[in-house]
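S.K.: Fold the following.
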Amino acid sequence: MGQDRGKYDFYLGLGLAVSSSIFIGGSFILKKKGLLRLARKGSMRAGQGGHAYLKEWLWWAGLLSMGAGEAANFAAYAFAPATLVTPLGALSVLVSAVLSSHFLTERLNLHGKLGCLLSILGSTTMVIHAPKEEEISSLEHMAEKLVDPGFFVFATLVIIVALIFIFVVAPRHGQTNILVYITICSVIGALSVSCVKGLGIAIKEAVAGHSVASNPLAWILLLGLVACVSTQINYLNKALDIFNTSLVTPIYYVFFTTSVLSCSAILFKEWGHMGAGDVIGTLSGFLTIIVGIFLLHAFKDVSVSLASLAVSMRKEERASPAAANGTATHYDLLRGESPEDMEMGPPFESVSRRNGAMTLCDH
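M.R.: The predicted structure is shown next:
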């Protein structure tokens, strides 16, 4: 009976995790559609500091879809292991990319698709090999972790970096560099996840009958979560309004996942219990993420697809017989020799062209 119950919980958690990815991936599309409708109406765009999207029902539908996805993701952790739920968050990237190609007429070239795939594989590998969290059973234990010098320094650096990006980098480069707004969302997201974990502990204590309302830490975590989430929503809207959704979604996923893993490692100190295999797996996943990000950015303006590669291969095949029959090869042309040059003159003679005159030189 207990084994059947365990299987039921496993599949329930799996279903919640998959549905979470569908809701979150679809939320990007709904938000983008709402922002595009506002742009056609002539409203001030979110990327320019406007907040007209608050009156657009499609944007609210996207926000509710994201809320439903996050709720399903939170519930999935109660039934299935984290090593299953967390990597499945990558499915939201695939959902968003597929839906954006159908509903937003946005195209992702072959390099971009490979970059998305590598980013997902790298993030999944990194999560699988990441150390497990230390169990925290009370708000008092959480408070001890939050005032630890290592986490205090990390949180201070995160806040400083976020403020520099918000007030210095974003006004100058936010409209042209996709990483600016996404970096703000990601570093702030690390703190928001910590607040969510703390509030989850507070809810468990409240359900168990303990007094939580009188604990100031619970209110600090709640206010911190509101501030972090509102900042994330604001700058994520700006990124979606300016840049291609198929680029924003995977990059945000990679940056956010890396930021959260780093924060969790510092807050819960799990890295000391990692084996050599987990260390190698984590570093390999991180390097794979870097390669994926490079492919997404370096070739995003190059029009390359499987169809164009097939056409190019057929052209090469047609050119090969011609080259075998005496036509100049690509190597000869790259050396600057035309077919006429190769046919002209005896074996030990070459043509010299200077100042418009042509002379025959013996070697």
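S.K.: Can you tell me the centre-most residue of the chain?
M.R.: Central residue of the chain (C-alpha atoms, centre = their mean): Ile251, 2.4 Å from the mean position.
S.K.: ok, now which ones touch that one?
M.R.: Going by C-beta atoms under 8 Å, 6 or more residues apart in numbering, Ile251 touches Ser119, Ile178, Leu179, Ile182, Ile293, Leu296. The C-beta positions use only the backbone N, C-alpha and C, and glycine is treated the same way.
S.K.: Could you give the number of residues near the third one?
M.R.: The reference is to Leu179. 18 (other C-beta atoms under 10 Å).
S.K.: go on, the fifth one?
M.R.: Residues lying near Ile293 (other C-beta under 10 Å) number 19.
S.K.: does it really touch Thr258, like I thought?
M.R.: No - applying C-beta atoms under 8 Å as the test, Ile293 and Thr258 come out as separate, 10.4 Å apart.
S.K.: Mutual contacts of those two, please.
M.R.: With C-beta under 8 Å, 6+ apart, Ile293 and Thr258 have no common neighbours.
S.K.: Val161: which element?
M.R.: Secondary-structure assignment from DSSP states H and E places Val161 in helix 149-164.
S.K.: Heading C-terminal from that helix, find the next helix or strand.
M.R.: Past helix 149-164, the next helix or strand by DSSP H and E is helix 170-173.
S.K.: which helices and strands does the helix or strand just after that following helix pack with?
M.R.: Next helix or strand after helix 170-173 toward the C-terminus (DSSP H and E): helix 178-207. Packing partners of helix 178-207 (3 or more C-beta pairs under 8 Å, 6 or more residues apart in numbering; DSSP states H and E): helix 139-146, helix 149-164, helix 170-173, helix 216-242, helix 245-268.
S.K.: distance between the last one and the chain's centre?
M.R.: The offset between the C-alpha centroid of helix 245-268 and the centroid of the whole chain comes to 7 Å, using C-alpha atoms, centre = their mean, to the nearest Å.
S.K.: so how many other residues sit close to the nearest residue to Val93 once chain neighbours are set aside?
M.R.: Leaving aside its sequence neighbours, Val93 sits nearest to Pro250 (C-beta to C-beta, 6 or more residues apart in numbering; 4.7 Å). Residues near Pro250, counting by other C-beta under 10 Å, number 29.
S.K.: Quick check: Pro250 vs Thr258, distance?
M.R.: 13 Å (C-beta to C-beta, to the nearest Å).
S.K.: Repeat that for Leu163.
M.R.: Taken as C-beta to C-beta, the span from Leu163 to Thr258 is 20 Å.
S.K.: Give me the more crowded residue out of the two.
M.R.: Neighbours were tallied for Leu163 and for Thr258 using other C-beta under 10 Å; the higher tally belongs to Thr258 (19 against 11).
S.K.: pretty sure the more buried one is touching Met126, no?
M.R.: Yes - look at Thr258 against Met126 with C-beta under 8 Å: they come within range, at 7.4 Å.
S.K.: Quickly list what's touching both of those two.
M.R.: Phe286, Ile289.
S.K.: pLDDT value on Ile159, please?
M.R.: pLDDT for Ile159: 93.
S.K.: give me every residue that touches it.
M.R.: Ile159 sits next to Leu191 when contact means C-beta under 8 Å, 6+ apart.
S.K.: one step back: mind checking which of the helices and strands packed on helix 178-207 is nearest Met66?
M.R.: Set against Met66 and scored by C-beta to C-beta, the helices and strands packed on helix 178-207 come closest in helix 216-242, at 9.0 Å.
S.K.: where's the nearest residue to Gly150 once chain neighbours are set aside relative to Leu191, distance?
M.R.: In space, and not counting its chain neighbours, Gly150 is closest to Ile266: 5.4 Å by C-beta to C-beta, 6+ apart. Distance, Ile266 to Leu191, by C-beta to C-beta: 12 Å.
S.K.: buried stuff in the longest helix seen in the chain?
M.R.: When the chain is parsed with DSSP state H, its longest helix is helix 2-41. Buried positions in helix 2-41, judged by neighbour count with 16 or more other C-beta atoms under 10 Å: 13-14, 16-36, 38-39.
S.K.: Could you check the angle it makes with helix 245-268?
M.R.: 130 degrees (axes from the mean of the first three to the mean of the last three C-alpha atoms, to 10 degrees).
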